[in-house]
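**Q** Build me a model:
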Amino acid sequence: MSWKKRYSIGMVWAGLAAGAVSASFQPEPSWFQGLEYRCIGPFRGGRSAAVTGVNDHPMLYYFGATGGGVWKTTDGGGQWTNISDGYFGGSIGAVTVSEWDPNVIYVGGGEKTVRGNVSHGYGVWKSTDGGASWVRSGLEDSRRISRIRIHPKDPDLVYAAVMGHLFGPHEERGVYKSVDGGKTWRRVLFVNPQTGAVDLIMDPGNPRILYASLWRVLRTPYSLESGGEGSGLWKSTDGGETWRSLSSNPGMPEGPLGIIGIAVSPVSPERVWAIIEAPEGGVFRSDDGGSNWKRINAERKLRQRAWYYTRIYADPLNEDGVYVLNVQFWRSRDGGHTYESIRTPHGDHHDLWIDPQNPLRMIVGDDGGAQVSMDGGQSWSTYYNQPTAQFYRVITDNHFPYRIYGAQQDNSTVRIAHRTGGRAITERDWEPTAGGESGWLAPHPLNPEIVYGGSYGGLLVRRNHTTDEVRDINVWPDNPMGHGAKDLRYRFQWNFPIFFSPHDPNILYTAGNHLFKTTDEGQSWQIISPDLTRNDPLKLGPSGGPITKDNTSVEYYCTIFAAAESPVQPGILWAGSDDGLIHVSRDHGKTWENVTPSVKIMPEWIQINSIEAHPFIAGGLYVAATMYKSDDFRPYLYKTTDYGKTWKKIVRGIDERHFTRVIRADRTRPGLLFCGTESGIYISFNDGDQWMPFQRNLPVVPVTDLTLKDHDLIVATQGRSFWVMDDITPLHHLVPEVTKQKIVLFPPRPAWRLRGGRYRGSLTAGENAPGGVILHYGFHAKPDKETVQLKILDAEGRLIQTFSSGSDAARNGLFLEAGLNRFVWDMRYPGAESFPGMILWGGGTQGPPAVPGMYEARLRTGEDSVSVMFEIKADPRSSTNQDGLEAQFGFLIEIRDKLTETHRAVMDIRRIREQIVPITDQFRSWPGADSVIALGQDILKRLRAVEEALYQTKNQSRQDPLNYPIRLNNRLSALA
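**A** Numbers count the residues shown, from 1 in each chain. Okay, the predicted model is just below:
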């Protein structure tokens, strides 16, 4: 029967390739369950803007990650565990623990550090069991909550500083109050729809006294505006019911005001500090509760780039102690007049918690995550244990095994192994590469040790990892920092494209407002397009707002944001701009045509965030666009197959709140698409006509980019590092006919015979790829009553291993669920027999690995059987040929069999000994028993001598072989 099953799947695949799949086909989610993502790291923290410790619990801390949810440590920062997965994720702006009951935690979604690519949050969440479970607690449309304060004796009395929407006016902003533990909220301070609350402080001695700062901040696709009408400082003395403005009190700076940070001294509550963004801003202090103020420090080192920092904290035991966060971590011991720097593991600091009873104990949040200090900042815990990196894009190289590349925000670029020969993917398995924190990367197709990388300001470099040579190859050698886009010869966005031609490895492209190419590794560049943007001069000015300019190229606008060359036909080039244009060239860039979709289906100023040239149709393109920077969070996906003459919007099935960042097309199955959104991943089997979630075990996290390599799906996230879904080949075969079969065994991809594999999980290292052949199988219905067997055979049909369901499933992993299941054969033959309590040094009883070649898998349940052939390939890096591997296999089989023979002899000896003792005991009362007993003792002695020659019987613990010489079985096992 098995040959019929194989034939039917082959016919289904032939029909699939011919485009015969139903346009409405969507498999049940159970057909995804055998597929899962694994986090590979890197374990190097990304930005955190919310941290807290817990009173009277010196080793317990929490932090919120940018896009990565909430994390908890119980060992002072040694290891961190995510506690929000399964409930919520995204950007975190506030994490607060009740002083009265430390099991009560409130989390506010959406960070205050409003970068151009910033993600939003999902309102307030509450836990009453220390983060083990969570409930949604309102303010769902706030997008950004920067502070939550809890009454020290009533965990149900809560205040929230709500910044609100960043990209447009909105009513849900200001200070909110809840008296029922977050079930309902009431807005108690509001000035206008453009201004939200950014800081909120409760007087440590009187919880009815509150200070709040309001901030008018707005981002557009081309600007940041920090400060203006509505920004200011407020105070309440009746628990937030009424407020009075302190902004015009004596000593306060003249407007316009921007962001303001506040601190109140627990030692002397009338002493209040404010760090204020203003033309004459700085650190201000009041010693009468805010009635009168004096500027005590105006140094720019404390208030530079104000929108990104501007936080101030009071020492809990010293009325003259105050801390300011900026690029560096600053401390004053003289009331705020002068400051000294505290060295930290990372720069760019955003939040701080200090133990009220012991100011030496603290946790800081910065662009590298969270770090804990127990000695006042002299030493800190590491941030190399937090998989919260933010990546802009992802690409792979042609190294074996392939490596994954991306630029980590607030850090360096990274190239990381997707699998290793060890137990995990550790810090040893990744390294910095070309470019900087914001760039695209392009490893050379023929020599992956040469990598091209970009960074902000139009920086473009070539790095040779073999020689460690780094060479600048900027298109235009000019540093644009501090300038608006209109001042530049060429406009390069913060995250500008770099990519190789899929047809000619000597052609490298990059894009500013023009498309450029080089054929001499960046020694010279050729302009191959006109300006392919709207080039609107009104949108090319300097950014920052009325007080502090901020020109880093994040807001450089009217640029090409995505570009690609058709993999089907050389010279077909596509370009999509951040101001909503799409162009195509069919002649290597000599001429270009504007093929932008009509405004009837695509907004005029939409950002073309990602494009994917169709893998099968020369005139085909997929587009992922976004309007979130215009306060529109709906998905926008498009496709064309006729060079842009006609377009179709393809978003059906995607949550209207999940704006789209990337779309990718499978290169094997036509019409199989993947989409990355602000909240996860979607999949389509019918060329985008219908989408369905493909989240599986991936946390709720912004997905910034996707790529496919060797039938793996690789995911770049904004806050949870890189993830890989190994072997998506079952998706190539999912059609209605297959999902209706009682039993199906999917053709596996070839497996490489490599060292390493997946072992016990680690909280500080990435998860390795499965070590072996990945076999996917499925059932239309769960086979509850039938035993299922999976047999592995060689090419001649000789049985290698049999795996059974039932009681063996927990041991061998042969699970039976309706839908898709996965089994990993470790490519080994059965091992040698063993016996209880055996201790070996430098050896084992594992079976020999299978030699490269063809094998067969047979799956049977009841009377139904299916089978597939698969291939094991040799490691291409190995110097051993096939003959050598086969000779090795024959030798290892002999060793295994001899080891089994040895162990059987040991077990036989032990059984005989167990029989001799009771027999001799029976003769003890008989006449002449002495001779029988002596004979028995002699036999036991001889058996013991044989056993001790076969196995070191004195071994009782793992390192005893260092004390007692090893015997025959250990010598044999060491050869295997």
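**Q** Quick one: end-to-end length of stretch 365-382, please.
**A** 12 Å (Cα to Cα, to the nearest Å).
**Q** What's the mean pLDDT across that stretch?
**A** Stretch 365-382 shows a mean pLDDT of 98.
**Q** how about it: buried residues?
**A** For stretch 365-382, burial by neighbour count (16 or more other Cβ atoms under 10 Å) applies to 365-374, 377, 380-382. Quick note: C-beta positions are derived from backbone N, CA and C, even for glycine.
**Q** Adding distance to C558 and secondary structure as columns, could you present those residues in TSV?
**A** What follows is the buried residues of stretch 365-382, written out as TSV (distance: Cβ to Cβ, whole Å; DSSP: H, G, I helix; E, B strand; the rest coil):
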residue	distance to C558	secondary structure
G365	35	strand
D366	33	strand
D367	29	coil
G368	33	coil
G369	35	strand
A370	38	strand
Q371	40	strand
V372	45	strand
S373	45	strand
M374	51	coil
G377	44	coil
W380	43	coil
S381	44	coil
T382	42	coil
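**Q** R115: which of the residues you listed is nearest?
**A** For these, the minimum distance to R115 (Cβ to Cβ) is 10.2 Å, reached by D367.
**Q** Can you tell me how far the residue nearest to Y628 when sequence neighbours are not counted is from R913?
**A** Distances taken as Cβ to Cβ, 6 or more residues apart in numbering place F659 nearest to Y628, at 4.7 Å, with adjacent residues excluded. The gap separating F659 from R913 is 74 Å, by Cβ to Cβ, to the nearest Å.
**Q** who has more neighbours, those two?
**A** Taking other Cβ atoms under 10 Å, F659 and R913 do not tie; F659 has more neighbours (24 against 15).
**Q** residues in contact with that one?
**A** When contacts are counted by Cβ atoms under 8 Å, 6 or more residues apart in numbering, F659 touches 626-628, 632-636, 677-678.
**Q** Model confidence at it, what's the number?
**A** So, for F659, pLDDT stands at 98.
**Q** picking that back up, make JSON lines from the buried residues of stretch 365-382 and add distance to K517 to it.
**A** Shown next, in JSON lines, are the buried residues of stretch 365-382 (distance: Cβ to Cβ, whole Å):
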{"residue": "G365", "distance to K517": "42"}
{"residue": "D366", "distance to K517": "39"}
{"residue": "D367", "distance to K517": "34"}
{"residue": "G368", "distance to K517": "37"}
{"residue": "G369", "distance to K517": "39"}
{"residue": "A370", "distance to K517": "43"}
{"residue": "Q371", "distance to K517": "44"}
{"residue": "V372", "distance to K517": "49"}
{"residue": "S373", "distance to K517": "50"}
{"residue": "M374", "distance to K517": "55"}
{"residue": "G377", "distance to K517": "50"}
{"residue": "W380", "distance to K517": "46"}
{"residue": "S381", "distance to K517": "47"}
{"residue": "T382", "distance to K517": "43"}
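**Q** ok, of the residues you listed, which one's closest to P502?
**A** Out of the buried residues of stretch 365-382, the member with the shortest distance to P502 (by Cβ to Cβ) is D367, at 35.2 Å.
**Q** Next, find the distance separating the closest one from Q79.
**A** 21 Å.
**Q** Now for the closest residue to E521 other than its chain neighbours, which secondary structure element holds it?
**A** Nearest-residue entry for E521: R462, 6.1 Å, with adjacent residues in sequence omitted and distances by Cβ to Cβ, 6+ apart. Under the criterion of DSSP states H and E, R462 resides in strand 459-464.
**Q** And I919, by the same measure?
**A** helix 882-922.
**Q** Send me stretch 534-550 as CSV with only the CA atoms.
**A** Taking C-alpha atoms only, stretch 534-550 is exported to CSV below (Å, rounded to 0.1, in the frame of the first residue of the first chain):
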residue,chain,number,x,y,z
ARG,A,534,8.4,62.5,-4.5
ASN,A,535,11.3,64.8,-3.5
ASP,A,536,8.9,67.1,-1.6
PRO,A,537,11.0,70.0,-0.2
LEU,A,538,8.5,70.6,2.6
LYS,A,539,9.4,67.2,4.0
LEU,A,540,13.2,67.5,3.9
GLY,A,541,13.9,70.0,6.7
PRO,A,542,15.7,69.4,10.0
SER,A,543,14.0,67.3,12.6
GLY,A,544,13.7,67.6,16.4
GLY,A,545,11.1,70.3,17.0
PRO,A,546,11.2,73.8,18.4
ILE,A,547,13.8,73.2,21.1
THR,A,548,16.3,70.5,20.3
LYS,A,549,17.2,69.4,16.8
ASP,A,550,17.9,65.7,16.1
